[in-house]
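Asker: Sequence unavailable; structure follows:
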């Protein structure tokens, strides 16, 4: 792009110069021939300039925009997904996955489980969708999981999400030709921060810009919080308030203790949960990427901190939160967009994870490890490296629980979209649930060598309190135990000095004498140290990733000639109809085999093959051998031409097609066609399941397969089709 | 059992006779020796009688009762599952699956997908958990998905599920020694029908038995319906009422139309959905088998009826609802408990599916096919054939939508529990949604040969109505079109006879003259016939099946000696601790490999192996080769004795264990141990992944594996352990 832009000044000068020449010649009343030549030169310069401008615009354009309509039409036509309850008119923010969409989603989740749960040895749990009030109160969601709304003051039914309304107003200013550059710059800043403002800030700024209801022009209410959780009562009395979980993470924290036990108390370890999360969005738009219920795959990796010889614990800094397998990923290159680069309007940086952690750009090894593993998962699932970056949250946009966060952003026709968040949540959640329940949610490490420590003990005096305070003695002991060592010493000193001190405990006064506070200081040996672990949380929005994969996988074939050759003659009369269908038959989704909805199409070359008695048996036995190896297949015995049936499979992203032809019955061989190259090879029938299995597991590449088996010429295949 | 019971009369006679002898001898003042001998004989007879009685009781006892405590303790100890939110005290009816439970559940669902979605070629979709009011109003759930409750009239907080309360009262009568046989018989009948009574019947019968609050003895309210759906508002105004779906089936019906389209309009075909369903149970008890949220796997198989030459459609009778693959299952033997046998208190019948359909015991092929496939799935998943039966619903217990239903009931410690329902729902749901939405939810079949039919057409007269009725003409035509052919002819005759007839349409009077109703009868040719398909619905309660598998898989080893030999000496000091742990170390879950939580344990023989530099590399590379083949493995490098580590895996149901010992480094071989036989074979390291894969896919049995590779003697292994 820079190259193209560099040409502009010279071209602009040429245009200006040619313009001046024309003008000068006209003023000088030069000959028509001379003027015409100058005009021709001006036109040439302008055309060159236009071409460059267009090329720059094309390069700046979102590369996925052009295909969006084709893809959406495909998704609907083949029922990848649709609005839910469509026969009832639909409800915003709810979608139904049809058979291929559902299969790709399930495969994506299986891949995720393989990549993370199996390869990282995570403890996967399944917690509930409905959670009681006290859990989500403690986690902060009851109080803080809000969006701000404003109401039309004269129309009760009209309401808006305040930050979105503000963003729209700012965009209007940015587009307004009468606005000054300063106004535009401020509007850009305000729009970027819109979802980070507090309730008061948002109210002030809406007033400052005098923003009205976009529907009626009426005044708006002050912003008020709307909790995004779906409430539902539990049990027949409705006394127990429940909510649908807004994230799967909380179920993990609730079970940390039990999984630590399963791990024999060993740190670090990771837990995972796959399931639905629910957010009652105010006005969801954006299709699959903003749904009111959606699938999350979340990991909480509980870090083991560095423990010093003196028993002190280090969780911060680049040495904190080390990861045992960091060395395995340290050379992976990431495209990073750190917070300082964003604030300085600079661009992304490519660097290895190792370097990023070394330089403190990514805060620690565990965070870096998870960012790298997230990238390798996304690439494996079919996301294009070029359109993937990791953006650090700005200090203003961090969630209430996070101390650092990197979003995996994927570029597709919606722009850069956050699809995975990798957050360092510190120990926020475990602390919150521990406080709410009184349960200890800690890990315990044995110290390398025991440490000795002075402590102020209440043990000795506690024994003597019963005589004096009777039933209240326990309260007094509890009061003492609630004091820190230095407070105990201060109390002891005070009593000694003043002769006594009166304290109030639970609304009752107690006169403490020196003998009651004669605490003794003694040395204790500490063998272990306990701590609340920090967590690194990679949180995957599966539906967003899925939609991104659709966009990254979609293309339209430029030339179908090769395929067309195969259509038997009988279809000639349908040629006109074919032409109309052409466009939709050029669509391909090039999913990696692991996530393709079906791995293999099983196709008879034509109806004469279908009618052969041997076909049915061979096809069934092949389908069953494939199924045993976990390879799903789908038959298409319809009478449609083979080329069109290949196209049907390409559209669903089926990577391989096996064709039964007349040679199949002669020498027990079938052909295997690969979706993207359209190349076919002929392989022995009995070896087909093993070959398919190796192709699908990426144990054999298509090129290796081509090298091993004879290529089946399309014309030859066609000839076979014409034989009978 | 019959054999044992047959011995009772003779034994009872012996006891009586011996008793009489003793009595007679005593009365006759016989010698002590004589009396002693007679008493001895009496005692012998009584002992024999006791033994038989006990044996009968043991045979009648639930075979899973004895292991229930052991299993529950295992499930908690290894975190298969726990009450949800346990650190907050829990909420009834909510459970969390821990790592092994979650893995077995996921594997069970994968197996289900393979058995049904892939092998039956079903269209799987993913619809939403939250559904709007109008959908569930149409399906009948808003009005009819109720349980009846009663309230304590003096204590607002005390309420009970009316049918359960009635059942408990009846059970008290059955147990009451003072109740007459007639009272007990009636109580048994009432208890059996308790969940089938209407609101009024239930009120009457509670009054008849004068049933009070079991907590306070206070009077109870009349029964009132409580809807079991969890309500939740959608969107920020709360105007749109939503519910959490009570079953996954409805999402399938909503998308029937789109999947029929994907199938090219071809019937029959099946759809499936896997997901959560939610029921706000009044007072859930019974652990995993009665949860407020649970996982369903549901299939709707849309049947193609028999279409006669005259275009009439046959869905009923044994010829109706044929299944294209019925022949493949017709010889499978099922244990059936048909409704007549239940009503006549007879026992179950074993017969083939083919015979059951032939005799009309199972209503049609599609229902029979699904029952047979349900059985093969359950057996594949680890359910024992002996403890599985199919019970037909009694006419009184059928759901509002069903016209026939067979429950797969599995015996476990809770008794016989419904775990799968296979229902013929007729066309109830498609009709309901079609009526509610005005959408045609039908399939269309081309007739074998077109049929000609006389129809009464309004076309001719409609053209002339405009002049007369002006703007109202359309209304009149609509009125005509709403009449059946015979009604049209009657109207025509009436007008002709009386000269005119006045009809009221939308509150307005119209005088119809003979010319307005001069409909003509004409022959039309019909090429297709459309119909609303009936469905067969197999509905799987995954959590119940899972719990049944736990019970069917659990056993305790009788002799651990073989394993114990291997423990290295250093553990001697722990012997006492070991003894306490013995009991828990004998537990085994013999899951089929397909559903086992982890397929393979990777174990170094002892710490000396662990410390060998070669171990880490070999173990990592093996784990990675296994993972590529989809085989999950788990390392256990803890310093614990090898026998105890085997036991840890057995408890989780891990079918195979690979042990690295010193020979591993010498000749690149490892041992593979099978969980149930405890036998080990030595196999080449490089072949291990392939062997494991074949063992896990049931392509090779353990016996075949033993035949192929040398057995590793436990003592030899022990010696290796002692070497260094």
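Answerer: Cool, got the structure. Since the structure is predicted, the reported quantities are computational estimates derived from the model, not experimental observations. Residues are numbered from 1 along each chain as shown, chains lettered A, B, ... in the order given.
Asker: Show me how chain A divides into domains.
Answerer: A:2-60, A:68-127+A:262-445+A:531-555, A:146-227, A:459-518, A:571-718 (automatic domain parsing).
Asker: And chain B, is the third one touching that?
Answerer: The reference is to domain A:146-227. Yes: contact of domain A:146-227 with chain B (CB under 8 Å from any CB of the partner chain) involves A:149, A:157, A:159, A:226. The way it works is simple: take the backbone N, C-alpha and C, and place the C-beta from them, glycine included.
Asker: how far is that domain from where the chain is centred?
Answerer: The chain centroid and the centroid of domain A:146-227 are separated by 28 Å, computed with CA atoms, centre = their mean, to the nearest Å.
Asker: first vs last residue of it, how far apart are they?
Answerer: Distance between the boundary residues of domain A:146-227 (CA to CA, to the nearest Å) amounts to 4 Å.
Asker: next one: the longest one
Answerer: From the first residue to the last, domain A:68-127+A:262-445+A:531-555 extends over 10 Å; the measure is CA to CA.
Asker: do the same with stretch A:240-260
Answerer: By CA to CA, the extent of stretch A:240-260 from end to end equals 30 Å.
Asker: what comes up buried for it?
Answerer: Across stretch A:240-260, burial judged by 16 or more other CB atoms under 10 Å in any protein chain shown covers A:242-260.
Asker: right, is that stretch up against chain B?
Answerer: Yes: Stretch A:240-260 reaches chain B (CB under 8 Å from any CB) through A:240, A:242, A:244, A:251, A:254, A:255, A:257, A:258, A:259.
Asker: The last one is in contact with residue B:99, isn't it?
Answerer: Yes: judged on CB atoms under 8 Å, residue A:259 makes contact with residue B:99 at a distance of 6.8 Å.
Asker: so what sits against both of those two?
Answerer: Residues touching both residue A:259 and residue B:99 (CB atoms under 8 Å, 6 or more residues apart in numbering or on different chains) are A:123, A:125, B:79.
Asker: Quickly list what the second one is bridged to.
Answerer: In this structure, residue A:125 bridges to residue A:273 when assessed by DSSP bridges.
Asker: Could you pull up the contacting residues of it?
Answerer: By CB under 8 Å, 6+ apart, the contact list for residue A:125 reads A:251, A:252, A:255, A:259, A:271, A:272, A:273, B:96, B:97, B:98, B:99, B:102.
Asker: Can you give me the neighbour number for the last one?
Answerer: Right, the one you point to is residue B:102. 24 (other CB atoms under 10 Å in any protein chain shown).
Asker: Hmm, residue A:126 and it touching each other?
Answerer: Yes: assessed by CB under 8 Å, residue B:102 is found in contact with residue A:126 at 4.6 Å.
Asker: Contact partners for the nearest residue to residue A:347 once chain neighbours are set aside?
Answerer: Spatially, and ignoring its direct neighbours in sequence, residue A:347 is nearest to residue A:341 (6.9 Å; CB to CB, 6 or more residues apart in numbering or on different chains). Going by CB under 8 Å, 6+ apart, residue A:341 touches A:347, A:348, A:349.
Asker: Identify the single longest strand in chain A, thanks.
Answerer: strand A:443-457 (DSSP state E).
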